[in-house]
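Undergrad: what follows is a predicted protein model with its sequence.
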Amino acid sequence: MNCKDGFGHALWRQFGEMGFNGILVDEADGGLGLGHVEAGILLEEIGRNLTPSPFLITAIAVVEALKDTPLRARWLPGILAGETVAALAVDEGPKHRPESIAMRAERAGNGFRLRGASSSSFRAPPLISSWSPPARRRG
């Protein structure tokens with residue numbers, strides 16, 4: 001594997017070719033249209049082999065976060081193809097306050113790099129594709 005990101009990019013692309021990355025994506029969006037039981041079986045096999053991959057965060061958590069949003073058209077094709085790896089960060093406090101988030105996504109090449117610290121972000125490779133909803137103005 002010999003990759004600084006901690007997973008094999010070629011294997012991630014193979015996951016895409018086999019349809020694994022689209023296990024929870026509707027068929028209309030190019031996925032397999034299966035459910036959480038099937039995703040759980042796949043995760044069990046990934047764990048059985050101790051396969052380091054971004055599958056859990058990207059193909060499960062981020063895909064679920066993208067459902068029923070206009071952003072799915074932008075991000076799903078890359079996830080399905082095994083070309084996009086996403087990170088997921090959740091609120092850093094007990095209440096949703098976007099203005100207090102310490103971690104920021106900054107453009108880096110053709111993706112983004114996370115800067116700062118977050119007690120609730122999942123491990124992500126140095127070069128990622130990510131998004132966060134814009135902060136809403138109060139008042």
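TA: Cool, got the structure. Numbers count the residues shown, from 1 in each chain.
Undergrad: list the contacts of the residue nearest the centre of the chain.
TA: Residue closest to the average C-alpha location in the chain (CA atoms, centre = their mean): residue 58, at 2.6 Å. Contact analysis of residue 58 by CB atoms under 8 Å, 6 or more residues apart in numbering lists 21, 79, 84-86. C-betas here are computed from N, CA, C, even on glycine.
Undergrad: what's the burial count for residue 114?
TA: Neighbour count for residue 114, taken as other CB atoms under 10 Å: 18.
Undergrad: that one: which element?
TA: Assigned by DSSP states H and E, residue 114 belongs to strand 111-115.
Undergrad: that strand - contacts with which helices or strands?
TA: strand 104-108 (3 or more CB pairs under 8 Å, 6 or more residues apart in numbering; DSSP states H and E).
Undergrad: for the record, mean pLDDT for the strand it packs on?
TA: Averaged across strand 104-108, pLDDT comes to 82.
Undergrad: give me the angle between it and strand 111-115.
TA: 140 degrees (axes from the mean of the first three to the mean of the last three CA atoms, to 10 degrees).
Undergrad: what pairs with strand 104-108, parallel or antiparallel?
TA: According to DSSP bridges, strand 104-108 forms sheet pairs with strand 111-115 (antiparallel).
Undergrad: for the protein, which spans come out with low pLDDT?
TA: Counting by pLDDT under 70, the chain shows low-confidence ranges at 1-3, 89-92, 118-139.
Undergrad: 50 instead?
TA: 122-139 (pLDDT under 50).
Undergrad: beyond the top helix by length along it, next helix or strand please.
TA: When the chain is parsed with DSSP state H, its longest helix is helix 36-48. Scanning forward in sequence from helix 36-48 by DSSP H and E, the next helix or strand is helix 63-66.
Undergrad: if we can go back for a sec, if you rank the contacts of residue 58 by neighbours, which is first?
TA: residue 21 (30 neighbours).
Undergrad: surely it touches residue 56?
TA: No - between residue 21 and residue 56 there is no contact under CB atoms under 8 Å: 11.5 Å.
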